[in-house]
Structures are given as structure tokens and as C-alpha cells.
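Novice: What follows is a protein structure lacking sequence information:
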Ligand code: PLP
């Protein structure tokens, strides 16, 4: 029998094992196992290092999640301390652990309204999945069992478990997998950039709100359980809905007794300058709120659904069902090491006034990024505080309301590749470069991100001009 290999084995071996044995999330199956992986071997602050010894500025914060940056000593110590005291015990039924109880209380204190009950999960998808199941449980228990339908939107991303994937609306993510169609419905994307030609933003917003109401009425309000919504659609392209949209959709849901589930997996934990953005930034109090990612600063997998006391009271105590067991949860719900690091994360965020810092640097980040609009191939720069997106376009025709064209996507790919060569990691998605740097980012790093982006866009534009592909654009930049 061969010895267990060292995880610090040589990069060539690791790359070979990856190509042969790992099936990555969102892997390209057509080229499975062909190319060497991008092997990340180290990370510190806002920087990551690869196996070739190259250094990159991490403008995606891992995957929106490395909010306090890489290699924070206090977070590492919190994990070590908890792992040596008690690494794991079951969270089921009445079994509790100190970090989970403490974190639940912290989250309840940070939460808006009566979102006082916390159901821990293993990440964002399982939190979304749990929120939908809780909505179903609630309505069945209060005698409205026809309320099963779930409303979501094109361009939303809520995860990759079965229901969460079905409630996600990123067009190119729909593949040979199976999706639930009988009770999950997608409404239009609230993307002002791709609104129908000739429609004002206000008219677009009115139409979106009307569509939600019409869909509820068409299904029958007594059949609709919940509306699941990211206040800013993150991985669908940092889509900032029109002014007033979030509040108005929340009101429509309240009008018809439809539960509003706010997915703050990305917008929560500081990215918009608040622990939870729902109330202070969007002026809503949802019935359930989902969080993950920045909850632990990405140091451990953890998610949570915060549930309104109103809902919990209606299904528990004297209102509980005859078989009153709440049969939802996971082996690693409320994992003590994950909860310990989340508690420490919140302490550091408070002590270092991270939300205040984001509120200060966020507008600077957006202002510097908007300067990139001077380039002909930049169709739009959009975002809010530390979540942003640069939409690339191959020519100056109006944006296509059905989505980006292949030629736009090809332009974005070139920009992404140049960024990587120049030492910047951005998140490529369709015709976009998505940015979500660690929240600790400072002015100098923001300037560096913008300088590299400008250079990458300039080089791409130069290539397109040389190849005669810069149609209808002025290439002067
Ligand atoms: N919800 C949103 C808004 C997300 O962006 C994501 C992941 O990117 C999820 C849910 C799913 O989270 P996870 O990947 O932790 O399951």
C-alpha cells in the first residue's frame, strides 16, 4: 500500500492529481482534465500567490467571501482554540455548543425586525434550501398547504442544491442537470442595463413590480409561498435593481401574504457597509434572511437562515404540529469551529469598524471604476460599495435585452486574461469582469486594481483594433 501523499507535494504532481481526479464546481466538461489548474498556494491580506511564485491582487475576495482578507492571525487562532477544545459534536435536537449559541445571539442582535431565530446550515445553498423548506412547513402548519410556489428571477444565483439551483436564473448555468419547474418560477431580471429598448428606468421598475403582482395573481395568492431575492444580484452580474424596486416588491409580497426571503449571502457582512443591508440600505425587513460567505470571512463553511419570530411562533409551542420535529438540518449545522471563527469575525469587524471603512472606501472604489467608462469597449460600470461589475461590449450597439452576445463575451475573456497576466484576479462571467475585493482594501490597492484594469482594457482594445474587430467603436480610449 502506498503512503498517504504529503499535501505539500510538488506542484506538478498536484496538478496531475487535480486533472485526473477532481471534478471542480463549474468545470468545463468538454476539456475535463486537459489543462493544468491555477494552483493557489498562499494568500495574505489582499494578495494571493500561485505555484509558480506569482503574486496577484485578489479583487474577488476568494469568492466574495474573504472579507477580512487572507491570513488573519486572530481568525486562525479562533479556529485553533475551538478545534483543540472541542472540534465537533452533533447539533441535533437539544445538543448545543458554546460558539453556536453565542453566534446565534450575535446574529439576532444584528438582525432587523423580529428575525430572532437562527437555523445554521453548511453554506449559502443549504441556507436557501432550508428557507424554502421553512416557508413550506410554515404554510402547511397554518393550514395554507396550497402555498408551495416559489418566485425568483432570471439572473439570480441562490446556490447549487436542487431547489436553490432551480430558483437560480443564470441562463448559461442551465445545463443537462434537472430543475424543479412545477413550483419554481422565474420573473424578469431587474437589470436596467438590459431593459427593453425605449423604456425609461422608472417605467422599467413599474413593469417589474407589476410583473410580480401579476404573477402572484395568476398563480393565485393562496398558492404562492415566497419570493426569494438578492437585493443586488451578485454573481448574475452585480445587477443593481432600479431605485425603489426592492421596497416595492417587499410591499407586494406583504399585500398577498407571500413571504419575502432576502438572500444576503453576498450583500451581508459588510460588503455594502452594514452587517445586514436589508434595513439600513434597502429599507426592508424580510420574513427570512439568508447569510453565509462573509459570516466567517470565508475561513470556514457556514450559512444561516434568520427566521422571523412571527413564523416560528406559528409553528412551535402550543401551535406545533402533532409530530413536531423540525426535520431539517445537517451534520455540520452550527459547527463549533465555524461558529467560533464567525464570532471572532464579528468582534474584529466591530473593533476595526469595517462597515464604516466600507462606507468610506466604497464610493471611492465605484468612482475610480467609473473612470473606465472612457474606453470604447466598456459598456457599463455598475455596482455599490465593494461589489462591482464592468460590462464589456464588442461594439457600440445598444445592449441586447436577451443577454450578452458571444462577441461581447470574447472581449471580456481577453480582458480577464490580461488582468491575470498583469497580476490581478477578477471574476470572469459572460461579458463581465466582476469585482468584490476584501473589505479591508485601501485607497492604494483600489488605485492599483483600477490601473491594471485600465491597462488590460487598453491592451484588449488595441488587439481588437489590430484585428479589425472594433466595430463602430472609437478606439482612442
Ligand atoms: N446565494 C448567493 C447570493 C450566492 O452568491 C451564493 C454563492 O455564490 C449562494 C447563495 C450559494 O452559496 P454556497 O456556494 O455557499 O452554497
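Specialist: Thanks, I have it. Keep in mind that what you see is a predicted model, and the values were worked out from it rather than measured.

Novice: which residues are there in the chain that come within reach of the ligand?
Specialist: Contact residues (CB under 6 Å from any ligand atom) of the chain with the ligand: 123-125, 128, 157-159, 230, 234-235, 263, 265-266, 292. All C-beta atoms are positioned from the backbone trio N, CA, C, and that covers glycine.

Novice: any chance of those in CSV, with neighbour count, pLDDT and secondary structure too?
Specialist: Listed next are the residues of the chain next to the ligand as CSV, based on neighbours: other CB atoms under 10 Å; pLDDT from 0 to 100; DSSP: H, G, I helix; E, B strand; the rest coil:
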residue, neighbour count, pLDDT, secondary structure
123, 23, 98, coil
124, 29, 98, helix
125, 23, 98, helix
128, 31, 98, helix
157, 26, 98, coil
158, 30, 98, coil
159, 22, 98, coil
230, 24, 98, coil
234, 24, 98, coil
235, 24, 96, coil
263, 30, 99, strand
265, 29, 98, coil
266, 28, 98, coil
292, 29, 98, coil
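
Novice: from those residues, which is closest to the ligand?
Specialist: Nearest to the ligand among these is residue 124, at 2.2 Å by CB to the nearest ligand atom.

Novice: Could you pull up the residues touching the closest one?
Specialist: 158-159, 164, 263, 265, 290-293, 303 (CB atoms under 8 Å, 6 or more residues apart in numbering).

Novice: Mind listing the strands the worst-scoring helix or strand of the chain on mean pLDDT pairs with, and their directions?
Specialist: Among the helical and strand segments of the chain, the one scoring lowest on mean pLDDT, DSSP states H and E is strand 427-429, with a mean of 90. Strand pairing for strand 427-429, using DSSP bridges, gives strand 432-435 (antiparallel).

Novice: in the stretch 1-150 of the chain, which spans are strands?
Specialist: 40-44, 47-50, 55-58, 115-121, 149-153 (DSSP state E, counting those that start in this stretch).

Novice: Please identify the most buried of the ones you listed.
Specialist: When you average the neighbours per residue for each of the strands of the stretch 1-150 of the chain (mean count of other CB atoms under 10 Å), strand 149-153 leads with a mean of 25.

Novice: Touching that strand from outside, list them.
Specialist: Contacts for strand 149-153 (CB under 8 Å, 6+ apart): 132, 135, 158, 163, 167-169, 183-190, 212, 215-216, 219, 223-229, 233, 258.

Novice: rerun at 6 Å
Specialist: Contact with strand 149-153 is made by 132, 167, 169, 183-187, 189, 219, 223-228, as judged by CB atoms under 6 Å, 6 or more residues apart in numbering.

Novice: One more: stretch 200-209?
Specialist: By CB under 6 Å, 6+ apart, stretch 200-209 touches 190, 192, 195, 242, 245, 248.

Novice: again, only this time at 10 Å
Specialist: Contact partners of stretch 200-209, identified using CB atoms under 10 Å, 6 or more residues apart in numbering, comprise 153, 187-192, 194-196, 199, 214, 241-245, 247-249, 251-252.

Novice: Separate out the buried members of these.
Specialist: Neighbour counting with 16 or more other CB atoms under 10 Å marks 153, 187-192, 194-195, 241-242, 245, 248-249, 252 as buried within these.

Novice: what residue ranges in this structure score low on pLDDT?
Specialist: Judged by pLDDT under 70, the chain has its weakly predicted residues at 1-2, 471-477.

Novice: Of the contacts of stretch 200-209, which belong to strands?
Specialist: 153, 187 (DSSP state E).

Novice: Output the contacting helices and strands for the helix or strand residue 368 falls within.
Specialist: Using DSSP states H and E, residue 368 maps to helix 354-370. Where contact means 3 or more CB pairs under 10 Å, 6 or more residues apart in numbering; DSSP states H and E, helix 354-370 is packed against helix 336-351, strand 378-384, strand 387-392, strand 432-435, helix 443-466.

Novice: hmm, try it at 7 Å
Specialist: Other helices and strands packing on helix 354-370, by 3 or more CB pairs under 7 Å, 6 or more residues apart in numbering; DSSP states H and E, are strand 378-384, strand 387-392, helix 443-466.

Novice: Report the angle between that helix and helix 336-351.
Specialist: In terms of direction (axes from the mean of the first three to the mean of the last three CA atoms, to 10 degrees), helix 354-370 departs from helix 336-351 by 80 degrees.
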